[in-house]
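Chemist: Need coordinates for the following:
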Amino acid sequence: METNSNLIRRFRPLLVMIFMITNIFLVNFTSVVSAQSPTVNIQFPLDEAQHANATEWWYYSGLVVTQDERLYWVEYTIASLGLSPTQKIYVSQILFTDVRRKTSEHEVTMTAPTSFVAGGNQGANLSVPGPSGGPTWTMSVFNGRDSLKAQLSNNHYGFDLKLEDEAGIVLHNGGEFSYGPGGNSFYYSRPNMEPRGTITVGGQTKRVTGGQFWLDHQWGDFTQAPDATTFIGWDWFSTRFIDGSFLLVYRIRNAVTGQLINTFGTYVPQQRGKKNSLMKVVPLTASDLTLKVNSTWKSPVTNTEWPLDWTIKVHPRAGLPAMEFTTKPIVADSEVQLGQFPPYWEGPEVVTGKKNLFPTAGLTHLESTGYSFLPPVVG
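Modeler: Below you'll find the predicted structure:
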């Protein structure tokens, strides 16, 4: 196990951000490691490439520390939605959050690629035309060495990043889970990728000196609207703790009726992982988790009430520490509007609480969907 001093050096960018936002620096460095048991045959780098399934996305979110010690949160997604096995629409989004100023900007673009080829052994090399005739947005996903490049059409923010996997791969729920009537999805993550490169802020290029990114890759023949009485909504938390551990929580529901469909998660203890190897994890089921909404934020544009202030409890068992923590948004006004499509909310949140009775802290990226149908239950 790494010493406290080594951990602090390794996760300095995360420590800096938490210190600046919460002034909390106490952590618990004790973890219990359990084995990961794949239930499906996901192969690398073959399954980093595009698939012919109905739905697929590559989803990056993470902290960037720049040479002037400013802190930014960046999210970049390209989602591939199938009209047929060979016809796709790309829905792409970038989100920037300026932590010091507590402001955020995002942009979404929808495009149809001129050609679509699934498979191959060179990962995914994606490109979409930039909005309003701006520069092309690109994403290269291969073998834990990924490249991301995009900028907002107003030129306020942009990035040109290289990401290097520092820990390995996590298969969630053995690599596949269910959206209930919406279908099944294959699912893996790389939760600890180190960024290098530059970001652009207000026309000024800044060198990236640290940070940490989480990659999510999902694909399968699933849909959010399988019938007239169902819209699949979810609350998704990708939490990065200050002690080097990670926690995924995924709560899936029928947004029209409020009925819960599936709740699961993955605890990833702090460990010396290897690039492209499977990390040791503790899979979580609904009985391991309790989620409570403490308060909501109402969008002035769509009047949707979004649950942004949460308490999450993880109940202890063999290999799984007791955890209880709250999440609070850095910027509440981070709703993404898609015209005729239902809005969603996503952005970074500050995590504070306890793990095995010791104070802990961290950051999470929350994505919530479906609350334009039925408001959340508070308390």
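Chemist: From here on, just use CA atoms for contacts and neighbour counts.
Modeler: Will do.
Chemist: and the helix or strand harbouring residue 360, how far out from the chain's middle?
Modeler: In this structure, residue 360 is located in strand 358-369 according to DSSP states H and E. Relative to its chain's centre, strand 358-369 lies at 11 Å (Cα atoms, centre = their mean, to the nearest Å).
Chemist: do the same with stretch 229-245
Modeler: 7 Å.
Chemist: Stretch 208-228 now?
Modeler: Distance, centroid of stretch 208-228 to centroid of chain: 7 Å (Cα atoms, centre = their mean).
Chemist: mind listing what the strand holding residue 360 pairs with, with the direction of each?
Modeler: strand 232-241 (antiparallel), strand 341-355 (antiparallel) (DSSP bridges).
Chemist: Checking my notes, residue 244 in a strand, right?
Modeler: No - looking at residue 244 with DSSP: H, G, I helix; E, B strand; the rest coil, it is coil, so not inside a strand.
Chemist: now it: how far from residue 101?
Modeler: As judged by Cα to Cα, to the nearest Å, residue 244 and residue 101 stand 27 Å apart.
Chemist: for stretch 215-227, which positions count as buried?
Modeler: Neighbour counts using 16 or more other Cα atoms under 10 Å place 215-224 of stretch 215-227 among the buried residues.
Chemist: Counting only strands, which of those residues make the cut?
Modeler: Using DSSP state E, the members of the buried residues of stretch 215-227 that fall within strands are 215-220.
Chemist: just these now: which is nearest residue 360?
Modeler: residue 215 (23.1 Å; Cα to Cα).
Chemist: thinking again about what came up before, more neighbours: which of residue 244 and residue 101?
Modeler: Per other Cα atoms under 10 Å, whichever of residue 244 and residue 101 has more neighbours is residue 244, with 22 against 11.
Chemist: was I right about the more buried one contacting residue 272?
Modeler: No - if you go by Cα atoms under 8 Å, residue 244 and residue 272 don't touch, sitting 10.0 Å apart.
Chemist: which residues in the stretch 251-379 of the chain form helices?
Modeler: Counting by DSSP state H, counting those that start in this stretch, the stretch 251-379 of the chain has no helices to list.
Chemist: is it true that residue 112 touches residue 92?
Modeler: No - here residue 112 does not reach residue 92: they are 11.0 Å apart, not a contact under Cα under 8 Å.
Chemist: the more surrounded of the two?
Modeler: residue 92 (23 against 15).
Chemist: Just the element for that one, please.
Modeler: With DSSP H and E as criterion, residue 92 is part of strand 87-98.
Chemist: and the next element down the chain from that strand?
Modeler: Toward the C-terminus from strand 87-98 - assigned by DSSP H and E - lies strand 103-111.
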